[in-house]
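Trainee: fold the following and give me the result.
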Amino acid sequence: MLMIFDINTNHLIWPGGGLNDLDWLYPDYAYLISMYHASTYTFPMPTMAPAPVNPPQPQITRADGWNDVVNTGIVHFISITTDGQKNFNTGDFVGVFNPEGTCVGIAECTGNGSNLFLAAYGDDGYTESVVDGLLDGEHMTFKLNRNGVTYQLTPTYSTEMPNYDGLFAINGMSQIVEFKLGPTAIGEAELSSLSIYPNPSTGIFNIDGISDAVEMVVTNAHGQVIYTRSIGENTLLDLSGQPKGIFFIEFRSENSVRIEKVVLR
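Mentor: Have a look, this model is predicted:
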């Protein structure tokens, strides 16, 4: 057996990736099973013993400033070794992103001394207006979120795994043995005086505290870019034509990036 994977909860048994957190197989639930060689299995007659407790439900992992990840059921499996986590702190989030900048996989660092599983999701192809995953052969980029500050990550892949070129593959399997943090954080040093108000708003947001020209990119909760422009000094942002919900505003200067979440009522 190569792997057993619960698509719903992201729990799996993957000996080659050093991962094993799938404790139960529940009746009437679907699992992805990959074998080294084709084989068959005959299920025994049902037992009269009491059924196990209710299966665990999927938990939604979120990081400030990043969009919610969509579980499309199309997965590239990534194992991050303990050495690959040596620059991480407990409570950090590591994410994988597609070329459009959408977060397509996220995992929280627990600091438990075990390998960390990160599922990179592929685009489902059914939502043509929304790119919610990676396409086959697209480059995967990685970022670290620590207390709302994002760092670029450069991975080193194990060549002992089938996929070590950094490209997304459906049912691909990769292992990352080292992550290097970018030389500088994508942080808030140059944009520390920036403020957005009112927040929440019914449509108009005031943006103050910008001294030099910066690039502003507005995305919705699905990671879609809805507005881009260069701004300087005091600016008004009008989102009254957008549906109510959560939006992310990314401000990019030459050396710094700051991401703010706003709510449109």
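Trainee: okay, and for the stretch 151-265 of the chain, where does confidence drop off?
Mentor: 183-191, 255-257 (pLDDT under 70).
Trainee: hmm, 80 instead?
Mentor: Residues of the stretch 151-265 of the chain that meet the criterion pLDDT under 80 lie in 182-193, 211, 221-223, 233, 253-259.
Trainee: so what are the domain limits for this protein?
Mentor: 3-181, 189-264 (automatic domain parsing).
Trainee: I figured Gly122 was touching Thr72, is that so?
Mentor: Yes. Using CB atoms under 8 Å, Gly122 makes contact with Thr72 at a distance of 6.0 Å. Every residue, glycine included, has its C-beta placed from N, CA and C.
Trainee: overlap in contacts of those two?
Mentor: Gly133 (CB atoms under 8 Å, 6 or more residues apart in numbering).
Trainee: for the two, indicate the residue with more neighbours.
Mentor: Using other CB atoms under 10 Å, the more surrounded residue of Gly122 and Thr72 is Gly122, with 23 against 19.
Trainee: measure that one to Ala169 for me?
Mentor: 9 Å (CB to CB, to the nearest Å).
Trainee: and for these two, which residues touch both?
Mentor: 76, 136.
Trainee: Trp66 against Asn145, yeah?
Mentor: Yes. Using CB under 8 Å, Trp66 is in contact with Asn145, at 6.3 Å.
Trainee: in the stretch 1-150 of the chain, which segments are predicted with low confidence?
Mentor: 27-28, 40-60, 127-130.
Trainee: return the residues in contact with Gln85.
Mentor: Counted by CB under 8 Å, 6+ apart, Gln85 has contacts 109, 116, 179.
Trainee: neighbour count added to the residues you listed, as TSV?
Mentor: Converted to TSV, the contacts of Gln85 look like this (neighbours: other CB atoms under 10 Å):
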residue	neighbour count
Cys109	18
Leu116	22
Phe179	22
